[in-house]
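Novice: fold the following.
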Amino acid sequence: MSLPKALRADLERALRTGAYASVAVAGFASIYWTPNTISAVLGTITAMIWGLLLLVGGITCAAASLTERYLIEYPAILLVVAGAAMYLVALWAITAGGEITRLTQTALVTAYALHLLARHVQLRRLAGVPLENGD
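Specialist: Okay, here's the model as predicted:
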């Protein structure tokens, strides 16, 4: 038995909002308790920018998702993607540098970043922005 359409939509929105809220928490934590291994790769200033991108992007996307304001989520998700990309630069550098035990973390964060990009494409369609080939 499947859930009613309205309940499915509410559940999807709640899960998406929770994911964005978690990104905001990660941004807050990365600003106040910056991991030494990450700041060693990115540098202190870049690590602060990484945290700010996650914090601002996460809060903005969570609020936009919760209120179904997809035209706000559409550009704001790029802040989250940029923050994830910065983190991935550090994670892949650490992993490729010999810390193979970081591969699980690195691959999982890579998967989430790709999922965020897929969400951006989905939002692009919802916003009515045509793709390059006119679709």
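
Novice: now the residue nearest the centre of the chain, nearest residue through space, not along the chain?
Specialist: For the chain, the residue nearest the mean C-alpha position is V80 (4.0 Å; Cα atoms, centre = their mean). For V80, ignoring the flanking residues on the chain, the nearest one in space by Cβ to Cβ, 6 or more residues apart in numbering is G57 at 3.8 Å. All C-beta atoms are positioned from the backbone trio N, CA, C, and that covers glycine.

Novice: please tell me how far the residue nearest to the centre of the chain sits from D10.
Specialist: 22 Å (Cβ to Cβ, to the nearest Å).

Novice: and if you look at I49?
Specialist: 35 Å.

Novice: neighbour count for the two, which is higher?
Specialist: Ranked by neighbour count (other Cβ atoms under 10 Å), I49 and D10 place I49 first, with 16 against 12.
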